[in-house]
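A.B. asks: One predicted model, sequence on top.
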Amino acid sequence: MTTHGVTALNPSHFDEVKELEFIPAQFHPDAGETGAIQYHLAQPGIVRVFIRPKKRRFLAIRTLADWEPQSAGEHSLAWDGKDERGNVLNPALYCATVQAQPLRGTVRREDLPLDKELHHEDMIAHGHGRAHAHTLHEVDKCHQLKVSIEAPSPTAKITGTCQIVSRVAEEARGYGREVGHSARYYVDYYLLHEDKDVGAVATWDWDTRNIPSGMHVLSVACCDHHDHMASDSMVVEIENP
């Protein structure tokens, strides 16, 4: 995969292009404009493309391709500047991540440099880091999660300590049914708290006393420990003395 001069999927089989900008670099979603993510696959593969706040790797606010098989050649995906809830965002604050791996059925587990030190058998050594081998995942479990914030209400004014409740939809839990989930809590896209082992429902008591009064973006991101993730965000109003 090549995109903006960055080469991936050839020669490496497990590649990721981060902080990918949009074309055009600035567009106006509130006026109906869209931006595009363009890339080239040197060979067929499965591809994930998701939108996230800049410098926030695990906060996927919109998924455009969810480990979908794609042919070799040029590809372009449009983003309308909205999150999963349909909220209009400022594209200048966001970027895209593009990931590509071999088509399912084209590689064998025994041929991959699996990292035996980890308890996830699909983790492979990848350069100086590690990557999940989505190409080996069960198809019915290899998909984005669906996360919703159930509390607080977006219309409530929050003072002091507030309990945040989030839920991963049962039909989208995938590997989470077997290994659970992690939950990360962000305010204005800054990570405040993480629980690494929760079930479908996660809770956290958020002490807002150090948060300035006013409107803030509350986000909860969940992952099933096999690199399938999603998030939900809402605008909340903090009212502290």
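C.D. replies: Arrived safely.
A.B. asks: For the chain, which segments count as helices?
C.D. replies: 176-179 (DSSP state H).
A.B. asks: Name the residue closest to the centre of it, please.
C.D. replies: residue 60 (2.8 Å; CA atoms, centre = their mean).
A.B. asks: Am I right that residue 192 is in contact with residue 183?
C.D. replies: No. The criterion here is CB atoms under 8 Å, and residue 192 misses it with residue 183 at 11.6 Å. C-beta coordinates here come from the backbone N, C-alpha and C atoms, glycine included.
A.B. asks: the more surrounded of those two?
C.D. replies: In terms of neighbours (other CB atoms under 10 Å), residue 183 is the more surrounded of residue 192 and residue 183; the figures are 25 against 16.
A.B. asks: ok, the closest residue to the more buried one other than its chain neighbours to residue 61 distance?
C.D. replies: In this structure, residue 183 finds its nearest non-sequential neighbour in residue 202, 3.9 Å apart by CB to CB, 6 or more residues apart in numbering. For residue 202, the distance to residue 61 equals 18 Å [CB to CB, to the nearest Å].
A.B. asks: Then residue 241?
C.D. replies: 32 Å.
A.B. asks: Neighbour count for those two, which is higher?
C.D. replies: Neighbours were counted for residue 241 and for residue 61 using other CB under 10 Å; residue 61 has more, 23 against 6.
A.B. asks: Next up, the contacts around the residue nearest to the more buried one when sequence neighbours are not counted.
C.D. replies: Leaving aside its chain neighbours, residue 61 sits nearest to residue 83 (4.4 Å; criterion: CB to CB, 6+ apart). Contact partners of residue 83, counting by CB atoms under 8 Å, 6 or more residues apart in numbering, are 51, 61, 62, 89, 233.
A.B. asks: what does stretch 98-108 contact?
C.D. replies: Looking at what lies outside stretch 98-108 - CB under 8 Å, 6+ apart - the contacts are 1, 3, 8-9, 13-17, 20, 37, 39, 41, 43-49, 67, 69, 133-136, 139.
A.B. asks: excluding its backbone neighbours, what's nearest residue 204?
C.D. replies: Per CB to CB, 6+ apart, closest to residue 204 is residue 164, 4.9 Å.
A.B. asks: An error on my part: the question was meant for residue 195.
C.D. replies: Among residues not flanking residue 195 along the chain, residue 183 sits closest, at 4.8 Å (CB to CB, 6+ apart).
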